[in-house]
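> build me a structure from this.
(2 chains)
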Amino acid sequence: MEVTSPAFKDNARRALGDPQLQKAMGHVRTGFIDKRQQVADALPEFEQLRDSARDIKNHTLEHLDLYLEAYEEKVRGAGGEVHYAETSAEAREHILGICQRAGARIVTKGKSMVAEEIGLNDYLVANGIEPVETDLGEYIIQLRNEPPSHIIAPAVHLTKEQIEVDFRRAHAQLSPERDLSEPTSLLTEARGVLRERFLAADVGITGANFLVAETGTSVIVTNEGNGDLTQILPKVHIVIATIEKITPTLDDVSQILRVLARSATGQEMSVYTTFSTGPRRAEDPDGPREYHVVILDNGRSSMLGSKFHDMLRCIRCGACMNHCPVYQEVGGHSYGWVYPGPMGAVLTPSLVGIDAAGHLPNASTFCGRCESVCPMRIPLPKMMRHWREDEFERHLSPATTRWGLGFWAFFAKHSRIYRLGARLAIRILGKLGSGKGRFKKLLFAGGWTRHRDFPAPEGKTFQELWAERDRKS
Amino acid sequence: MSARDAIMSNIRRSLEARGSDAGRRAIVIARLDHPPRGVIPERGQLPPDERLALFCQIAEEASASIARVPSNDGIPEAVAVYLRDHNLPTEIRMGEDSLLAGLPWASKTQITIAHGPSDGSDAVSVSHAFAGVAETGTVVLISGSDNPTTLNFLPETHIVMLSAEDIAGDFETVWENIRRRYGKGDMPRTVNMITGPSRSADIEHTILLGAHGPKRLHVVIVG
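Sure thing, here's the model as predicted:
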């Protein structure tokens, strides 16, 4: 997938002026936040479970090589195959090879962010295989040839009117007279169209929320049931997952499940949580005859032990973006690659490079809401700050930023000069602005005054007032 | 070097000096052999009657419907009533589950039964749950010829028979029971945890039931 993160500023400006997008994004603001709060409040142990989930992932990452070995042995013992891929290209080749050996023409897909990360659909199409996204949101954006704009609600940027237009175009075999004005009629139509594809598919590809070392099991969590139809109906099931999805035991999975659905959709539990271990057994009347797991690294093993280590705890619930004031305004596509919002602002530079994704960690007010709701307690603002430092150290920030920061740093390091300068500036600005009490334009502050007035300072500096307060007490 | 070896050695390099290999390995083996239980919510830790009531309450909140019968013999009639109330056909599909097969379907109802996995043409399926979880109103189903997994997803109506005594307070108890039945470290091919009927909120955040899986989930609880 093409990375348009370097154009973040243009993307965001366009998004802010797009009335359809702004209407659709209203659902993020109203839909996710209250529901999460309600179910979190309804479970007295929720905060304790967040600690437990964090500790489990920390423990797992410390022993990742050994848990991977244990997992792999269990998968093989259950009759499945494990394929390792260092890069996206290797993962795509493994998957294509399995599809070709199965003689596949149609491949159904459950929702997988890793499949987006490796650009799987385009690669399959280029090799004569038709991938069919089966999650309703993913299906809609596949029809539009768009990437997802949210990691769990991929079509959250669209209105039902836009989806109706897409369905009329893509399902031209159906009567043009039909009514598609309501979400329910759109869903019924997609269910009918996709049911045929499920039954026709030769291979099913899903992601995994967890890979369980204790049992060699892959776990998917869905609400629609599309992931299950994808993995039980075709003769071959391929799981694509990254190394940090390993979780030691079924009990550990249960701890994390208790914070996953609540943080993601505000449900006590998602509708379908499915544990799959190997291909169908001798006595099974249904299920896949082959079971493959493709385990992808794609730079993650190098994040271990680095200052971005904590990001590997992410379980892809989407709570950080739901609560992000920047994401809520600009939508997921502005971020220019697969992972949007705060988690994307940390992960994207790790995966595609800070030179391409430098705008993302800068597109934050550091309000801290993402960290406050992250079920895995990932310090997202701290890591965005690390990226800003990296960007600065590698001389990737623009000259004006560098010059401005250098100027400020000089004063910050020399407190007497800082206090003197601040006192002078406050006095002068206070005099100049004493008439209206505000500035419509101000030198070096065009970015601020373009959108709002700059209030004129009144009286003394903060430090002066603080010192006076100290003297009085 | 294979991709596997490259990834493993990169992981070890990144984690360097974090304990000796033998020590690390012992920690991993201990956790896999004796999984720590973690934080178990109080809400499910109840005497059987209240546990059953909690299961029903949360399952209904998740849009499942519930019927209660005193004994297994009452199941066929409860299914027949549900089918009639929802104007559904009287053909059902089920697996080889011996408990379901031994019920008085023919003497008590007009229901006709097909056996085996679904190919997508069935309107109604009936399964026997391995367990229920009161904490979240979840039913747990296990793959195999007794209760084929396709029955959980393809028909529009899924009816699940659950014994009240199989309702656990929490997931961890269910894992203990699965380990006891299948052996430590081994799993049936598929374990489905199902909480209410299929749904999607992908269009304008409107929750709609019956996305790809069943539109209706009906749980018949015995006892």
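> please name the residues that touch residue 42.
I went with chain A, as the question did not name one. residue A:268 (Cβ atoms under 8 Å, 6 or more residues apart in numbering or on different chains). C-beta: built from backbone N, CA, C; applies to glycine.
> switch to chain B, that's the one I care about
With contacts taken as Cβ under 8 Å, 6+ apart, residue B:42 has the following neighbours: A:44-45.
> any idea how far residue B:170 is from it?
In this structure, residue B:42 and residue B:170 are separated by 10 Å, where distance is defined by Cβ to Cβ, to the nearest Å.
> also residue B:160?
Between residue B:160 and residue B:170 the distance is 19 Å, computed by Cβ to Cβ.
> compare those two and say which is more crowded by neighbours.
For residue B:160 versus residue B:170, the count of surrounding residues by other Cβ atoms under 10 Å in any protein chain shown is larger for residue B:160: 25 against 20.
> tell me the secondary structure at the more buried one.
Residue B:160 falls in the strand class when you classify it by DSSP: H, G, I helix; E, B strand; the rest coil.
> which SS state does the residue nearest the centre of chain B fall under?
Relative to the mean C-alpha position of chain B, the nearest C-alpha, by Cα atoms, centre = their mean, is the one of residue B:140, at 1.9 Å. When states are read from three-state DSSP, the local structure at residue B:140 comes out as strand.
> and the pLDDT for it?
At residue B:140, the predicted lDDT confidence score is 98.
> tell me the spacing between the nearest residue to it once chain neighbours are set aside and residue B:167.
Once flanking residues are discounted, residue B:140 sits nearest to residue B:131: 4.3 Å by Cβ to Cβ, 6 or more residues apart in numbering or on different chains. If you measure residue B:131 against residue B:167 using Cβ to Cβ, the figure is 7 Å.
> compare these two and say which is more crowded by neighbours.
Comparing residue B:131 with residue B:167 by neighbour count (other Cβ under 10 Å), the higher total belongs to residue B:167, at 26 against 23.
> pull the contacting residues for the single nearest residue of chain B relative to chain A.
When scored by Cβ to the nearest Cβ, chain B has residue B:213 as its residue closest to chain A, at 2.6 Å. For residue B:213, the set of contacting residues under the criterion of Cβ under 8 Å, 6+ apart consists of A:224-225, A:228-229, A:271-272, B:152-153, B:158, B:197-198.
> so, low pLDDT: which residues of chain A?
For chain A, no stretch is flagged by pLDDT under 70.
> what's the answer for chain B, then?
For chain B, the stretches flagged by pLDDT under 70 are B:17-19.
> how is it partitioned into domains?
Under the assignment automatic domain parsing, the domains of chain B span B:1-34, B:41-222.
> on that earlier part again, closest to residue B:5 out of the contacts of residue B:213?
Taking Cβ to Cβ as the measure, residue B:5 sits nearest to residue A:228 out of the contacts of residue B:213, at 34.3 Å.
> mind checking how far the spatially closest residue to that closest one that is not a sequence neighbour is from residue B:163?
Across the structure, with Cβ to Cβ, 6+ apart as the measure, the residue nearest residue A:228 apart from its sequence neighbours is residue B:153 (5.1 Å). Taking Cβ to Cβ as the criterion, residue B:153 is separated from residue B:163 by 23 Å.
> for the nearest residue to residue A:437 once chain neighbours are set aside, what are its contacts?
Distances taken as Cβ to Cβ, 6+ apart place residue A:456 nearest to residue A:437, at 5.2 Å, with adjacent residues excluded. By Cβ under 8 Å, 6+ apart, the contact list for residue A:456 reads A:429-430, A:432-434, A:436-439.
> what of residue A:298?
Contact analysis of residue A:298 by Cβ under 8 Å, 6+ apart lists A:85-88, A:91, A:117-118, A:242, A:351.
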